[in-house]
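*Asks:* could you work out the structure for the sequence below:
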Amino acid sequence: MFEEILGLPAHPLIIHATVVLTPLLAVLATVYALAPRTRAALRWAVLGLAVTAPLATLAARQSGIALKEGRFSSVEGTLGGRIAEHEAFGTPLTLAVAGLGLVSLALVQVLRAERHSRPVTLVLTVLTVLLAAAVVYYAVRAGHSGAAAVWGS
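*Replies:* Here you go, the predicted model:
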């Protein structure tokens, strides 16, 4: 399922959704958490991204695994090391984006409540900011290591 799209390797095609949606979720969720005046305008975007970004990241990870197994399973040396480094960022990125998606959904729900608990809101806000930072870190590291694997550097 994650191997090819119209005869092309799926991974290079799928990662573009992750490259766009993941940082966008990190930025908009952070703004939503920290800037109360923006919440009405950003609510639906954050909700949509909280669902689509984790799915895109999971699809990118699964397509990467399929690509490695199908075409690069026996690669060793420098290229093998670069692929392994890139692959090592897949799981933490997937988990961080899933966590950010869940926390963002919870934050939107809590803030929409008529009477929301200030300590809960504070905890969700802090988690949103921390997870957004982790998402950006792992997205940059995964992207850079993937580019280095493909283009060498």
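*Asks:* where's the residue lying closest to residue 21 once chain neighbours are set aside relative to residue 99, distance?
*Replies:* Using C-beta to C-beta, 6 or more residues apart in numbering and skipping residues adjacent in sequence, the residue nearest residue 21 is residue 53, 4.2 Å away. Heads up, the C-betas are built off the backbone N, CA and C, glycines and all. With the distance defined as C-beta to C-beta, to the nearest Å, residue 53 ends up 11 Å from residue 99.
*Asks:* among those two, which residue is more densely surrounded?
*Replies:* Neighbour tally, residue 53 and residue 99, criterion other C-beta atoms under 10 Å: the higher count belongs to residue 53, 27 against 17.
*Asks:* average pLDDT for the helix or strand harbouring the more buried one, rounded please.
*Replies:* Under the criterion of DSSP states H and E, residue 53 resides in helix 39-71. Summarised as a single mean, pLDDT over helix 39-71 is 95.
*Asks:* equivalent analysis for stretch 115-134, please.
*Replies:* For stretch 115-134, the per-residue pLDDT averages 94.
*Asks:* what residues are up against the closest residue to residue 52 other than its chain neighbours?
*Replies:* Computed as C-beta to C-beta, 6+ apart, the closest residue to residue 52 that is not its neighbour in sequence is residue 21, at 5.7 Å. When contacts are counted by C-beta atoms under 8 Å, 6 or more residues apart in numbering, residue 21 touches 49, 52-53, 56-57.
*Asks:* turn the residues you listed into TSV, including distance to residue 77.
*Replies:* Below are these laid out as TSV (distance: C-beta to C-beta, whole Å):
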residue	distance to residue 77
49	39
52	37
53	34
56	31
57	29
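*Asks:* for those, pick the one with the most neighbours.
*Replies:* residue 57 (29 neighbours).
*Asks:* am I right that residue 2 sits in a strand?
*Replies:* No: assigned with DSSP: H, G, I helix; E, B strand; the rest coil, residue 2 falls outside any strand and is coil.
*Asks:* no further questions, thank you.
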